[in-house]
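Asks: Following is a predicted model, sequence given first.
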Number of protein chains: 2
Amino acid sequence: MQFELTREYIDKLKKIIDEKNEAEAISLMGELHPADIAEIYDELNTEEAKFLYLLLDGDTAAGVLAELEEDDRERFLKVLPIEVIARQFMGKMDSDDAADIIGGMSDEWQEEILSHIADIEQAGDIVDLLHYDDDTAGGLMAKEMVIVNENWTVLTCLRELSRQAEDIDEIYYVYVVDDDGILRGTISLKIMILSPTSAKISNIYQPDVMSVHTDEPDEEVARIMEKYDLVAIPVIDSIGRLMGRITIDDVVDVIRDEAEKDYQMASGLTEDVESNDSVWIQTRARLPWLLIGLAGGLVSAFVISTHEKSLNIDPAVAFFIPLITAMGGNVGVQSAAIIVQGLASNSLGFESVFSRLLRELTGAFVNGVICSGLVFLVNSFIGRSYDLTISVSIALFSVIIFASIFGTLIPLTLHKMKIDPALATGPFVTTLNDMVGLFIYLSIGAYFLGLV
Amino acid sequence: MQFELTREYIDKLKKIIDEKNEAEAISLMGELHPADIAEIYDELNTEEAKFLYLLLDGDTAAGVLAELEEDDRERFLKVLPIEVIARQFMGKMDSDDAADIIGGMSDEWQEEILSHIADIEQAGDIVDLLHYDDDTAGGLMAKEMVIVNENWTVLTCLRELSRQAEDIDEIYYVYVVDDDGILRGTISLKIMILSPTSAKISNIYQPDVMSVHTDEPDEEVARIMEKYDLVAIPVIDSIGRLMGRITIDDVVDVIRDEAEKDYQMASGLTEDVESNDSVWIQTRARLPWLLIGLAGGLVSAFVISTHEKSLNIDPAVAFFIPLITAMGGNVGVQSAAIIVQGLASNSLGFESVFSRLLRELTGAFVNGVICSGLVFLVNSFIGRSYDLTISVSIALFSVIIFASIFGTLIPLTLHKMKIDPALATGPFVTTLNDMVGLFIYLSIGAYFLGLV
């Protein structure tokens, strides 16, 4: 049932476009879903994409436009006549998708497009949605929904439903409002079908309904919908009037973006980069972290230079520098990642920082004993000097303990300061642990070499 | 509308439980959603939780059981009488949730529970679902759905609907099958309401329906539902018979788990650990990565020891070891993370490995020139020896280039070998880059010191 994009398919399509064979192109794209067509567009240049786009019917074209990635879309919108975009595509789109697309463009472009949308109600909905921040419930919601008045009968509702339902693909909930437009509850199609047509809505609707305010952050909307397994959630303004509804498919994107953001931070990328982004965008996302690492490396160089005497006495002290810094970095990132995930999933509960730290330290103690024990055995076996063997093992143990303390406390502190705690799993903590680890190791080394 | 769990609430509840005040406990929990009650349970001990649990009505109790985290649930099920679990709770649960819970228990316990479920149809559904692997479409699906025959009229359907719909919370789609149970398509409630009651289903249903096979991997199901913005998807067997349906709320968990798995790998955690897991579970998840880091550190020690002569001539060679290893690690993880994300979101397209590598190298060149240039300036300014200054800068540049090559090729290779490419963003690649970086740096250093 699903479409699988292949190299051969793209080559065939490109050839057909090259020949300007419209009939063949339409038949090859056949009954593809807009999401599939959007995927094909990623592989075409703008001219090829434009040729195909003008062959699509209005609904499909609107769907494709909504599915395209933002930078592809911008590039693409520039080559299409503005009346075509407005009349044929924007008018057929859900208000939230249309607002997202228009919101990304310049002010003049926005006005131009809006003036060309024939359906005044649709244009009004889009203008309303443009007021909300992208990362709030208002920015996620769409205006398309089925609304009934609590004073109506089931019969009136069913009639109204057939009128309203034309513009809406799927009905998940029917929202019940009072005369002032205040959200009172929901009524499912199931209940409506199973009730007598003369029943009054106010007697059969479900009054308990989860809702969010227009200014609720999108991550909080995602958390609520995920926790309560909701497929759609109504959005209300500050006096409780129903303003729109958010469906789960829009929230899935928020959930994925949030999880990916943590991963990117942990991997040392400051912004959302795609594998096919330009060298310039990728460099901009990567360089800041590298400069932090660089600064850390220069400080580490200074720390080691203050122990030049130790190196003169026993150059073997230098052998274990990478081991100490790597272990400090690894342990710190592990500890921080556990906290960051706990914060993200809201599962830290009410355990105090102290008892959390205690548990972390117990684990660090176990890992520390195992790791430093192993290093002790290996170094004894190889026949390194006793002083060096003992100082490496003690230093390793101490570094593991310290790194797990930092790894636990830094994300908790960042979170308290309203800074994204995921910052703590990136090169930031690794670099800090490198320096602290080195300092501990060289100090212990100097002690055993009789320098202090 | 949403419930906010507070320290005060828990304290009050614990006090009420302590006094065995049933009426007060019921009124305090009020009309809470099962997901909220499950959250409260996380903060209670088993005895307290049991006291509250026996006060809940059947539907709520079933919901709470489905919402609990797996280890909490197991602990909890052990203290409840088996008949109570089977009769009161399992019978009220969706088949997929019931199968998930039963699937996690021992064989004897499974048989015992199943023998106590009064509803034979429900027990049969659960047994059917137990056959499927957890991480396939069959393992995700539930049996509860509304099915109509293509030969029926709308009137027959509406009657059948009121019969079937009793067991189902929400109807997203009504599935249409033929006499052999083969999935033919879907029909929306909207269409059914808007059509005359005498219309035949075969004339009005929607024949194009996305479906998945029972053995489709769960990550693929998630990808399809996300791509096509589906709220539910039917599951068919190898001859096309309708076996069940998967709803988006179950898939949201898969999407989150998948994204979290990458993050955990990148942070050096081998399994899904929660911040409140026991020390033992956390140690088991962390130690393997630490041992890899340890082995890498010992190899690095060996690499440096082969260059002991350089250290004897100029101990300052050791100062820059952390800088070189840290930068190699950071660059490698960045490159790998970009590839891993591209693979996960299926957005790599058909770009060849060669052109991808070329783009990566261009970026590495820019970052390399900036970073090694900066280090050159700092070292010249501080007045380090010219030999050292030039070897650190050349080595840093080479390490950035090599790390970006490894970072790009390793995840692509792992993916080809059907190994999770996210492995490449963890301590594995960092450790490899540490060693390669050291080797390059010390070799260049030895050359400039006139040792080779």
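Replies: Thanks, I have the structure now.
Asks: what's the span of stretch A:176-196 from first residue to last?
Replies: 18 Å (CA to CA, to the nearest Å).
Asks: And stretch A:133-152, by the same measure?
Replies: Using CA to CA, the distance between the terminal residues of stretch A:133-152 is 35 Å.
Asks: Flag every buried residue along that stretch.
Replies: Neighbour-count burial for stretch A:133-152, with 16 or more other CB atoms under 10 Å in any protein chain shown as criterion, is recorded at A:136-146, A:148-150, A:152. Using the backbone N, CA and C atoms, a C-beta is placed for each residue, glycine as well.
Asks: just stretch A:377-392 next, same as before
Replies: Result for stretch A:377-392 [16+ other CB under 10 Å]: buried residues A:378, A:379, A:384, A:387, A:388, A:389, A:390, A:391, A:392.
Asks: and it, how far from the chain's centre?
Replies: 47 Å (CA atoms, centre = their mean, to the nearest Å).
Asks: what about that stretch, average pLDDT?
Replies: What stretch A:377-392 shows for mean pLDDT is 91.
Asks: Stretch A:185-198 too?
Replies: 83.
Asks: Where do the strands of the stretch 1-150 of chain A begin and end?
Replies: A:146-149 (DSSP state E, counting those that start in this stretch).
Asks: How many neighbouring residues does the residue in it that chain B sits nearest to have?
Replies: Among the residues of the stretch 1-150 of chain A, residue A:35 lies closest to chain B, at 4.9 Å counting by CB to the nearest CB. When neighbours are counted by other CB atoms under 10 Å in any protein chain shown, residue A:35 registers 18.
Asks: Tell me where the stretch 201-350 of chain A has helices.
Replies: A:201-204, A:218-227, A:248-266, A:279-305, A:308-313, A:321-344 (DSSP state H, counting those that start in this stretch).
Asks: Any part of the helix or strand bottoming out on mean pLDDT in chain A near chain B?
Replies: One helix or strand of chain A scores below all others by mean pLDDT, DSSP states H and E: helix A:189-194, with a mean of 77. Yes - Helix A:189-194 reaches chain B (CB under 8 Å from any CB of the partner chain) through A:189, A:190, A:193, A:194.
Asks: Which pLDDT value does the model give residue A:304?
Replies: Model confidence at residue A:304 (pLDDT) stands at 92.
Asks: The residue sitting nearest the centre point of chain A and residue A:263, how far apart?
Replies: The C-alpha lying nearest the average C-alpha coordinate of chain A belongs to residue A:257 (CA atoms, centre = their mean; 1.2 Å). Residue A:257 sits 11 Å away from residue A:263, going by CB to CB, to the nearest Å.
Asks: which residues do the two both contact?
Replies: The contact sets of residue A:257 and residue A:263 do not overlap (CB atoms under 8 Å, 6 or more residues apart in numbering or on different chains).
Asks: and the helix or strand where residue A:410 lies, what other elements does it pack with?
Replies: Assigned by DSSP states H and E, residue A:410 falls within helix A:386-416. Counting contacts by 3 or more CB pairs under 8 Å, 6 or more residues apart in numbering or on different chains; DSSP states H and E, helix A:386-416 is packed against helix A:321-344, helix A:353-382, helix A:427-448.
Asks: Between those, which one is closest to residue B:407.
Replies: helix A:427-448 (14.2 Å; CB to CB).
Asks: And that closest one, what's buried?
Replies: Quick answer for helix A:427-448 (16+ other CB under 10 Å): A:427-446, A:448.
Asks: which stretch in the helices of the stretch 201-350 of chain A is the model least sure about?
Replies: helix A:248-266 - the lowest mean pLDDT of those, at a mean of 83.
Asks: Save the helices of the stretch 201-350 of chain A as a markdown table, and put in distance to chain B too.
Replies: Converted to a markdown table, the helices of the stretch 201-350 of chain A look like this (distance: least, CB to the nearest CB, whole Å):
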| stretch | distance to chain B |
| --- | --- |
| helix A:201-204 | 14 |
| helix A:218-227 | 5 |
| helix A:248-266 | 3 |
| helix A:279-305 | 3 |
| helix A:308-313 | 4 |
| helix A:321-344 | 3 |
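Asks: Mean neighbour count, those: which tops it?
Replies: The highest mean neighbour count among the helices of the stretch 201-350 of chain A, using mean count of other CB atoms under 10 Å in any protein chain shown, belongs to helix A:321-344: a mean of 28.
Asks: So which elements touch it?
Replies: helix A:248-266, helix A:353-382, helix A:386-416, helix A:427-448, helix B:248-266, helix B:279-305, helix B:321-344, helix B:427-448.
Asks: Next, the buried residues of the second one.
Replies: Across helix A:353-382, burial judged by 16+ other CB under 10 Å covers A:356-357, A:359-368, A:370-372, A:374-376, A:378-379.
Asks: quick one: residue A:421 from residue A:345, how far?
Replies: Following CB to CB, the distance that separates residue A:421 from residue A:345 is 12 Å.
Asks: and if you look at residue A:291?
Replies: In this view, residue A:291 and residue A:345 are 32 Å apart by CB to CB.
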